[in-house]
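Asks: sequence-free structure coming up:
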Ligand code: MV4
């Protein structure tokens with residue numbers, strides 16, 4: 001195992017990696033921008049080095065500078081976390097060329113999966129089902145028309161260099177094709193500097209189900225099962241769970257074998273994820289492979305018992321995976337809510353400010369992977385995800401109740417957060433029944449993102465409720481639950497005193 005690892009990231013994922021390092025007896029080197037001088041990851045690491053100004057381009061994305069620091073501080077390996085430099089082929093190569101171990105897949109595997117058309121060709125060549133469509137970029141509108149006719153409308157134009165939904169256009173009929181192709185090309189050129197576009201049959205109302213894999217350097221590659229990630233808005237996931245309500249043990253085995261085949265074809269090592277669309281008939285199609293640790297990895301950890309970050313470090317150090325596929329069986333249910341500094345009532349506008357008060361949930365089956373503390377300044381330089389709240393329970397129903405309970409315990413003041421939105425999600429009948437697909441949340445937004453009363457009205461109500469609660473307590477009135485056994489939100493009389501105890505009387 002390594003003596004010292006540099007963590008080229010910030011926030012909750014930097015802390016997550018520091019924790020894994022500490023359990024393995026590995027010393028950690030954090031890097032931080034001027035904006036993060038007082039951030040928790042800086043304090044928790046064994047050493048911390050300032051790498052420049054707040055903008056990512058001058059700090060967390062300055063790969064050459066980070067490699068210099070790794071050498072200067074004697075770090076034998078670099079963990080990139082997710083985002084930032086994690087999927088930059090050039091960086092994986094530069095780290096390796098500097099004689100430092102890259103805690104991630106080989107640069108060649110990042111490249112193989114980086115181009116969506118190349119990934120589709122690799123998939124097709126290895127018997128991995130993809131959505132019907134082309135595996136090469138379209139030459140012109142006439143070629144687009146020809147393949148669209150062949151597959152039938154609606155079709156989806158996608159950027160070859162893309163991923164994450166940029167440069168995508170649904171085309172419902174031939175008359176829209178040419179203008180959509182122009183638009184997709186322009187968007188692709190802007191986002192990726194490459195206007196290559198290809199075409200797929202458009203799948204209506206699918207789920208987004210992804211398979212976690214892990215591979216060592218000895219030729220072992222295992223599937224750790226699926227995550228259901230359909231609850232997303234504008235390609236930003238908001239809730240993830242493992243397993244998925246629609247994945248049977250047989251389908252899990254089939255999707256797992258498919259993901260392992262795709263990973264092996266790319267020469268993959270380390271943790272990675274194959275994304276699939278799962279249609280209403282239970283047919284699945286490979287979309288793309290994420291060649292990094294993902295934000296939502298904890299739900300897989302909780303149902304499999306495999307510490308993914310520890311195993312990233314171990315396989316990067318050359319260790320063999322000690323388990324086999326038959327031993328990996330998901331147990332119970334895990335759900336993750338991404339707690340962001342966004343105002344759901346205001347079109348998810350990013351919210352900034354200082355976290356003036358923070359109370360974290362705990363108790364049975366609750367995990368908090370956070371990157372903030374009371375006093376943290378939330379600005380606009382980085383991603384608005386502040387933390388992940390993750391729960392485990394024996395069944396999905398109990399996991400939803402547990403998440404609801406944990407969200408009730410959570411108080412974050414000073415910035416707007418997605419906490420209330422997540423509470424309403426956990427109360428939603430469709431969500432509770434598992435009736436979700438990739439467009440579900442956007443259809444539901446108007447109901448879930450209801451406008452809040454103004455702050456002045458809220459604080460007056462809180463003070464009133466606090467006084468009422470105090471009076472009741474002095475009279476010895478028994479505490480009542482805020483939620484009944486049928487899952488209905490409690491009456492105003494019971495809900496307010498509970499809120500008051502939480503937020504008014506502290
Ligand atoms: C699709 C699709 C429907 N049909 N491909 C979105 C981002 C990129 N990873 C692929 N995406 C999609 N590809 C076909 N042929 C619908 C989506 C899609 C989506 C996929 C996963 C998660 C969320 C999504 C939201 C909108 C569209």
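Replies: Sure thing, it's come through. As the structure is a computational prediction, the values presented were derived from the model and not from experiment.

Asks: from residue 238, how far out is whichever residue of the stretch 351-500 of the chain sits closest to the ligand?
Replies: Closest residue of the stretch 351-500 of the chain to the ligand, CB to the nearest ligand atom: residue 438 (4.0 Å). Any C-beta I mention is one placed from the backbone N, CA and C, and that applies to glycine too. For residue 438, the distance to residue 238 equals 12 Å [CB to CB, to the nearest Å].

Asks: what about these two, which has more around it?
Replies: residue 238 (22 against 18; other CB atoms under 10 Å).

Asks: which ones are touching the more buried one?
Replies: 231-232, 337-338, 418, 421-422, 425, 441 (CB atoms under 8 Å, 6 or more residues apart in numbering).

Asks: ditto for residue 40
Replies: 15, 370-373, 376.

Asks: and if you look at residue 16?
Replies: Counting by CB under 8 Å, 6+ apart, residue 16 touches 309, 369.

Asks: sorry, back to before: list residues touching both of residue 438 and residue 238?
Replies: Common neighbours of residue 438 and residue 238 (CB under 8 Å, 6+ apart) are residue 232.

Asks: quick revisit: between the contacts of residue 238, which sits nearest residue 89?
Replies: residue 232 (26.2 Å; CB to CB).

Asks: sorry, back to before: ok, which of the contacts of residue 238 also contact the ligand?
Replies: Filtering those for proximity to the ligand (criterion: CB under 6 Å from any ligand atom) leaves residue 232.

Asks: and the residue most central in space within the chain, what pLDDT?
Replies: For the chain, residue 295 is the residue whose C-alpha lies nearest the centre (CA atoms, centre = their mean; 3.5 Å). You'll see residue 295 listed with a pLDDT of 98.

Asks: name the SS class of it, please.
Replies: coil (DSSP: H, G, I helix; E, B strand; the rest coil).

Asks: got the phi and psi for it?
Replies: When read as degrees, to the nearest 10, the backbone of residue 295 gives phi -50, psi -40.

Asks: ok, it - contacts?
Replies: By CB under 8 Å, 6+ apart, the neighbours of residue 295 are 13, 82, 237, 338, 385, 388.

Asks: farthest pair within the residues you listed?
Replies: 13 and 237 (14.8 Å).

Asks: for the stretch 401-506 of the chain, what spans make up the strands?
Replies: Applying DSSP state E, counting those that start in this stretch to the stretch 401-506 of the chain gives strands spanning 411-413.

Asks: return the residues of it in contact with the ligand.
Replies: Close to the ligand, as judged by CB under 6 Å from any ligand atom, the stretch 401-506 of the chain has residues residue 438.

Asks: low-confidence ranges, the stretch 401-506 of the chain, go.
Replies: Applying pLDDT under 70 to the stretch 401-506 of the chain flags residues 451-456, 477-506.

Asks: could you pull out the helices for it?
Replies: With helices called from DSSP state H, counting those that start in this stretch, the stretch 401-506 of the chain shows them at 419-427, 429-433, 440-448, 455-475, 492-499.

Asks: how close does the residue nearest to the centre of the chain sit to residue 150?
Replies: Per CB to CB, residue 295 is found 37 Å from residue 150.

Asks: what's the answer for residue 172, then?
Replies: Residue 172 is 16 Å from residue 150, by CB to CB.

Asks: residue 288 belongs to a helix?
Replies: No: counting by three-state DSSP, one finds residue 288 to be strand, located in no helix.

Asks: for it, give me the pLDDT.
Replies: 95.

Asks: burial of it, as a residue count?
Replies: 23.

Asks: for residue 74, same thing?
Replies: Residue 74: 12 neighbours (other CB under 10 Å).

Asks: which pLDDT value belongs to it?
Replies: So, for residue 74, pLDDT stands at 98.

Asks: that one against residue 4, yeah?
Replies: Yes: with contacts counted by CB atoms under 8 Å, residue 74 reaches residue 4, the gap being 5.8 Å.

Asks: which residues of the protein lie near the ligand?
Replies: Near the ligand, when you scan the chain using CB under 6 Å from any ligand atom, you find 131, 156, 163-165, 200-203, 208, 232, 235, 275, 277, 287-288, 438.

Asks: and these, which of them are buried?
Replies: Using 16 or more other CB atoms under 10 Å as the burial test, the residues of the chain next to the ligand include 131, 156, 163, 200-203, 208, 232, 275, 277, 287-288, 438 as buried.

Asks: for the closest residue to the ligand within the stretch 251-400 of the chain, which non-adjacent residue is closest in space?
Replies: Relative to the ligand, the nearest point of the stretch 251-400 of the chain is residue 287 (4.9 Å; CB to the nearest ligand atom). In space, residue 287 comes closest to residue 275 once its chain neighbours are excluded; the distance is 4.3 Å by CB to CB, 6 or more residues apart in numbering.

Asks: what about the one you found, which SS state?
Replies: strand.

Asks: quick one: contacts for it?
Replies: Contacts of residue 275 by CB under 8 Å, 6+ apart are 208, 210, 286-290.

Asks: residue 422 against residue 339, yeah?
Replies: Yes: here residue 422 reaches residue 339: they are 7.4 Å apart, a contact under CB under 8 Å.

Asks: mind listing the shared neighbours of the two?
Replies: With CB under 8 Å, 6+ apart, residue 422 and residue 339 have common neighbours residue 389.

Asks: partners of the spatially closest residue to residue 325 that is not a sequence neighbour in the sheet?
Replies: In space, and not counting its chain neighbours, residue 325 is closest to residue 222: 5.5 Å by CB to CB, 6+ apart. As for beta bridges, residue 222 partners with residue 214 under DSSP bridges.

Asks: show the contacting residues for the closest residue to residue 331 other than its chain neighbours.
Replies: Spatially, and ignoring its direct neighbours in sequence, residue 331 is nearest to residue 303 (5.9 Å; CB to CB, 6+ apart). For residue 303, the contact set (CB under 8 Å, 6+ apart) comprises 225, 242-243, 330-334, 392.
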